[in-house]
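Q: Take this sequence and fold it.
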Amino acid sequence: MKYSIITACTVALLATACSGGSSDVKKLVVMSSGKISAAGKDSKEINFEPGTQHNEMEFQYVGTEPVKITVKSKDGDKTYDLPESGAYILNLKGTDTLIGSIVNYGDSGIPPSITTEKLQHMVDSAQQLIMGLNASDEARTYFLVPGAVKKVSKNYNSRLIGPFNGIPNTVEVDKDGKAPEVYKFNTTKQKREELYKLVDRMNK
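A: Now for the predicted structure:
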């Protein structure tokens with residue numbers, strides 16, 4: 001039992017310096033078209049070389065003070081603010097808008113079956129989201145234009161999955177039987193392709 005307590009404290013020290021818990025952590029996931037690099041996972045300076053290849057990099061900052069991030073590129077420096085704890089996403093994908101939403105696993109951690117009514121709702125929601133009409137923190141749907149940063153969740157442990165990466169079919173639930181927070185982001189082009197597949201499914 002003593003070993004378990006020491007191990008837990010060690011993990012807590014590494015993640016949050018054993019001071020303020022998860023409320024003192026800011027996580028930033030950068031999704032880009034081009035190369036990104038930094039001195040470390042807690043660096044506040046990010047070097048960005050625009051290109052065509054998709055890349056992602058995750059940063060984590062511990063502390064209660066707001067964090068200011070500087071992205072350096074050939075086009076000049078640009079700063080971004082992370083004012084409070086939580087999980088953020090930064091879109092450095094050139095001309096690609098990122099569209100995202102929470103993945104609904106349900107309380108059991110298993111995706112619910114899709115009824116015709118649910119499928120129609122998904123099609124309608126996808127159409128609106130592509131146009132940026134129904135993005136909201138309340139609905140946990142996001143429309144992120146190039147060069148923008150957005151706080152996705154107050155929970156820094158939430159998982160932000162970018163374009164070209166699949167979502168897990170199942171996840172492990174916590175002790176209360178709740179699924180973890182998982183958010184999936186696609187480019188506008190990918191979201192349109194997803195919409196076409198939904199429409200095709202409805203017509204079968």
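
Q: Without its sequence neighbours, what residue ends up closest to the most centrally placed residue in the chain?
A: Centroid-nearest residue in the chain, with Cα atoms, centre = their mean: residue 160, separated by 2.8 Å. Sequence neighbours aside, residue 29 is the residue nearest to residue 160 in space, at 4.6 Å (criterion: Cβ to Cβ, 6 or more residues apart in numbering). Yep, even glycine has a C-beta here, placed from its N, CA and C like the rest.

Q: Surely that neighbour is in a strand?
A: Yes: looking at residue 29 with DSSP: H, G, I helix; E, B strand; the rest coil, it is inside a strand.

Q: is it true that the residue nearest to the centre of the chain touches residue 87?
A: Yes: counting by Cβ atoms under 8 Å, residue 160 does reach residue 87; the two are 6.2 Å apart.

Q: Name the residues contacting each of these two.
A: 29, 152 (Cβ atoms under 8 Å, 6 or more residues apart in numbering).

Q: Residue 163 sits in which helix or strand?
A: Using DSSP states H and E, residue 163 is not contained in any helix or strand.

Q: for it, what are its contacts?
A: 31, 54, 98, 185, 186, 187, 190.

Q: what separates the third one from residue 191, distance-wise?
A: Distance of residue 98 to residue 191, given as Cβ to Cβ, to the nearest Å: 9 Å.

Q: Neighbour count: those two, which is higher?
A: residue 98 (25 against 22; other Cβ atoms under 10 Å).

Q: Spatially nearest residue to the more buried one, not counting backbone neighbours?
A: In this structure, residue 98 finds its nearest non-sequential neighbour in residue 144, 4.3 Å apart by Cβ to Cβ, 6+ apart.

Q: Buried residues in stretch 37-47, which are they?
A: 38, 44, 46 (16 or more other Cβ atoms under 10 Å).

Q: what about the last one, helix or strand, and which?
A: Of the helices and strands defined by DSSP H and E, residue 46 is found in strand 45-62.
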